[in-house]
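Undergrad: Okay, structure incoming, though there's no sequence with it:
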């Protein structure tokens, strides 16, 4: 399935700068939507839409950092590139701590801004593809029987068929049958692939220390 085209969302209360940024990004072939305030952006933003946010730090009403926190509260994964008219080290530290991909000072260099946006869009694309893969794995796991799930956990733990059979109170032939079925359902051909998928789903992952 083809991915939807990403949108670069611009939020800045300076109309002249907003127009200039919009022209710059559109000339670079990007899809752009501009907003004059954080509230205006929030009213129309779809958190599932691909893209990134280029966000002014100093805004009337909700400022840039407050909008970042609100998006965080809404579980929006949108990558953010901050713009500020002054070098505010404390604000930049806070922005980066909460996941901003970059923090640029106005007047921003066109090439630097375009590079930061491309990096943010690439991060968003990778995250979305990883989420699609996690969803696929979750769907595969949901299709396993209870016994197949038990065998899966034992295989991921490095147990041999004979050991698994002993643990589950059955014979090795039955374990081989369940193992073949679960590998087919998970769409893998080797134990190594199965272990990788299981780790992505949190099965067999090392416990936190």
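TA: Yes, it's here. These figures come from a predicted structure and were not determined experimentally.
Undergrad: Need the residues that contact the worst-scoring helix or strand of the chain on mean pLDDT.
TA: Sorting the helices and strands of the chain by mean pLDDT, DSSP states H and E puts helix 89-97 at the bottom, at a mean of 82. If you take C-beta atoms under 8 Å, 6 or more residues apart in numbering as the criterion, helix 89-97 is touched by 57, 64, 65, 68, 80, 82, 84, 103. Backbone N, C-alpha and C define where each C-beta goes, glycine included.
Undergrad: How about stretch 38-52?
TA: Here stretch 38-52 has contacts from 3-9, 11, 31, 35, 53, 59, 61-64, 66-67, 70-71, 74-81, 101, 117, 120-121, 123-125, 128, using C-beta under 8 Å, 6+ apart.
Undergrad: Buried only: go through those residues for me.
TA: 6-9, 11, 35, 53, 59, 62, 64, 67, 71, 76, 78-81, 101, 117, 120-121, 124-125, 128 (16 or more other C-beta atoms under 10 Å).
Undergrad: Just the pLDDT for residue 98.
TA: Note on residue 98: pLDDT of 85.
Undergrad: do you know how far it is from residue 162?
TA: Using C-beta to C-beta, to the nearest Å, one gets 51 Å for the distance from residue 98 to residue 162.
Undergrad: Could you list the domains of the chain?
TA: Split into domains by automatic domain parsing, the chain comes to 7-136, 144-200.
Undergrad: In the least confident helix or strand of the chain, which residues are buried?
TA: For helix 89-97, the neighbour count (16+ other C-beta under 10 Å) marks 91, 92, 94, 95 as buried.
Undergrad: now that helix, how far from the centre of its chain.
TA: On the basis of C-alpha atoms, centre = their mean, to the nearest Å, helix 89-97 sits 21 Å off its chain's mean C-alpha point.
Undergrad: All set, thanks.
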